[in-house]
Structures are given as C-alpha cells and as structure tokens.
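Chemist: after the sequence you'll find the predicted model.
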Amino acid sequence: MKKNGKVNEVSKTMSTGNYNNLFGRVADILLEARSKVVREINKTQVLAYWEIGHEIVEFEQKGKLRAEYGEKLIVRLAKDMTERFGKGFSKSNVFLMRQFYLAYPQKFQTLSGKSETLSAELNREKSKVPIVNKIKKGRVKKFIKR
C-alpha cells in the first residue's frame, strides 16, 4: 500500500501543468544562458577586431608606410591570418578591422586595460534598435539592422 501511495504522490507532483511549468522555467534558464554566451562572444570578437585594427594602424604609422605598401600589408596579413586561423580574415575583412579602429580610435586603448568605454557603449546600444556600421572606402555608413 505504501508503494502505491508513493506512486500516486509522484503522479500528482508530475501533473502535466506542474511538469510543463518546470520545463518552461528550465528552458528559459538555458535560453538566457545561451543568449549571454553569444553576447559575450560577440562583444569579445568586436573588441578583438578593434585591437587588430589598432595594431595594423600602429604598424603602418611607425613604418610610415605609403598607401601602396599599406595595401600590400593588408594582403599579406590576410593571407597569413587565413593560413593560421582559417576563414574570417579575407583582405576585405582585415581592411574593415583597420577601418573600424580608424572610425573609433578614442574609445579605448587595449582589451585588457581600458576597454570599459566601448564595452559600456556596446551594452547601451543593445538596448536600442541595433545599428550596424558599414565601413566602405574610409566612410562609416550606419543603417538599422532588421
């Protein structure tokens, strides 16, 4: 009789409504965690691209490279980065990383040191309508991401 009593108690506890409620809460926790991970990865990637752009500009300025040499630098860096890290480092992407830094040179200095300013700005922006910057021929164009 005790055995049947426990089975009935478990059945009451696991009624469809109660179970669905539990499942919904667990699913929400997981979805929120995944969303946070994606945001952190995106933020870190943006900061890394800014830092790469910073390194390229600093290298160019110290070497006082002229435009034609700067183009060769981008091509070589894109080739070497693609060989080592795979996709994502085409000539145009590396150029855009450089342009990203040039468009926002004063936001912060390093990833480890003073990245709070851009990081805070990115956090403020995510609460607004997302704006994506498209950098082309040295000009920053803003458009709403839909």
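Modeler: Now that the structure is in, tell me what you want to look at.
Chemist: all strands of this protein, in order?
Modeler: Applying DSSP state E to the chain gives strands spanning 131-136, 139-144.
Chemist: and the average pLDDT for the first one is what?
Modeler: Translated: strand 131-136. Taken as a whole, strand 131-136 has a mean pLDDT of 48.
Chemist: what does the last one give?
Modeler: The predicted model assigns strand 139-144 a mean pLDDT of 44.
Chemist: same for the longest helix belonging to the chain, what does it pack against?
Modeler: In the chain, assigned by DSSP state H, the helix with the most residues is helix 16-62. For helix 16-62, the packing partners by 3 or more Cβ pairs under 8 Å, 6 or more residues apart in numbering; DSSP states H and E come out as helix 67-85, helix 91-103, helix 116-126. For every residue, glycine as well, the C-beta is placed using N, CA and C.
Chemist: if we go to 6 Å?
Modeler: helix 91-103 (3 or more Cβ pairs under 6 Å, 6 or more residues apart in numbering; DSSP states H and E).
Chemist: would you mind writing the CA trace of the helix it packs on as CSV?
Modeler: Only the C-alpha atoms of helix 91-103 are listed here, as CSV (Å, rounded to 0.1, in the frame of the first residue of the first chain):
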residue,chain,number,x,y,z
LYS,A,91,41.6,41.1,-47.4
SER,A,92,38.3,43.0,-47.1
ASN,A,93,37.8,41.8,-43.5
VAL,A,94,41.3,42.8,-42.4
PHE,A,95,40.8,46.1,-44.2
LEU,A,96,37.5,46.6,-42.3
MET,A,97,39.2,45.9,-39.0
ARG,A,98,41.7,48.6,-39.7
GLN,A,99,38.8,51.0,-40.7
PHE,A,100,36.9,50.1,-37.5
TYR,A,101,39.8,51.3,-35.4
LEU,A,102,40.2,54.4,-37.6
ALA,A,103,36.5,55.2,-37.1
